[in-house]
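> Generate coordinates for the sequence data below:
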Amino acid sequence: MKYVIKTFEWFLAENNRFLFHIENEGKVVGYCGGFISRGLGDGSSSGMLQHAFKEAVIGIIKKPWLAFHPEVRAMYPFVFRNVQNFFSTKQKSFIPAQENQGKLSGLVVIGVHPQYRGTGIFDELMLHFFEESKRLGAIGSKLSVKRTNARGINAYKKFDWEIIEEHDKTIVLKKIF
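Presented below is the predicted three-dimensional model:
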């Protein structure tokens, strides 16, 4: 649970990130979060993992069988790279965003409780994500989604997201506002 709290805390740690939700009768039925890129190297999942890394390690120590879960095993190369970077004395590089290209927001997470799918909650979340991105100066947005997530890909296409990259396991989509 602490890992989940820490990952949500990532959204609140900097003023270029945002997280919001929709409630129904006091229960969260949908949520969405993103960030405005400040440059190459400030990616969402890697930044979130680094922010919550300590809690993830503690979780694995307390429940070592989680280390063998397929989703965790798939992250091993990423985790090892982050551990190496953490202990490295090499100066980290950061490439600032080009002002003349305009800022892009990154859609990090969007989710709707299964009982509320098809009720318009996703649409409300997506529209508010666009509003929040524009308010923070973005001219468009990018996201990556698992290639196997057909429901998500179709939902994004409904909002005019376009596929710009295809990888083995993921697809990257972009939308200009």
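> Where does the residue nearest to residue 111 when sequence neighbours are not counted sit, in terms of helix or strand?
Ranked by Cβ to Cβ, 6 or more residues apart in numbering and with sequence neighbours excluded, the top spatial neighbour of residue 111 is residue 31, at 5.7 Å. Bear in mind the C-beta positions are built from the backbone N, C-alpha and C, glycine included. Using DSSP states H and E, the element containing residue 31 is strand 27-36.
> In which helix or strand does the residue most central in space within the chain reside?
For the chain, the residue nearest the mean C-alpha position is residue 108 (2.0 Å; Cα atoms, centre = their mean). In this assignment (DSSP H and E), residue 108 forms part of strand 103-112.
> Give me the mean pLDDT for that strand.
Averaging pLDDT along strand 103-112 gives 93.
> now do stretch 33-53
Mean predicted lDDT for stretch 33-53 stands at 64.
> Then stretch 157-167?
96.
> same question, stretch 121-139
Rounded mean pLDDT across stretch 121-139 is 97.
> Give me the contact list for that stretch.
With contact meaning Cβ atoms under 8 Å, 6 or more residues apart in numbering, stretch 121-139 is reached by 16, 18, 20, 22, 29-32, 34, 36, 102-105, 107, 110, 112-113, 141, 155, 159, 176-177.
> Please check the residues you listed and keep the buried ones.
16, 18, 22, 29-32, 34, 36, 103-105, 107, 110, 112, 141, 155 (16 or more other Cβ atoms under 10 Å).
> quick revisit: next, the angle from whatever helix or strand comes next after the strand holding residue 108 to strand 27-36.
Toward the C-terminus, strand 103-112 is succeeded by helix 121-135 as the next helix or strand (DSSP H and E). Going by axes from the mean of the first three to the mean of the last three Cα atoms, to 10 degrees, helix 121-135 is angled at 30 degrees with respect to strand 27-36.
> now the strands for this structure?
All strands of the chain, identified by DSSP state E, fall at 17-24, 27-36, 39-40, 95-96, 103-112, 138-146, 162-166, 170-176.
> Give me the residues contacting the strand holding residue 31.
Applying Cβ under 8 Å, 6+ apart, the contact partners of strand 27-36 are 8, 11, 14, 16-23, 42, 44, 103-113, 115-116, 121-122, 124-126, 128-129, 132-133, 136-138, 141.
> Residue 113 versus residue 119, what's the distance?
Using Cβ to Cβ, to the nearest Å, residue 119 is found at 10 Å from residue 113.
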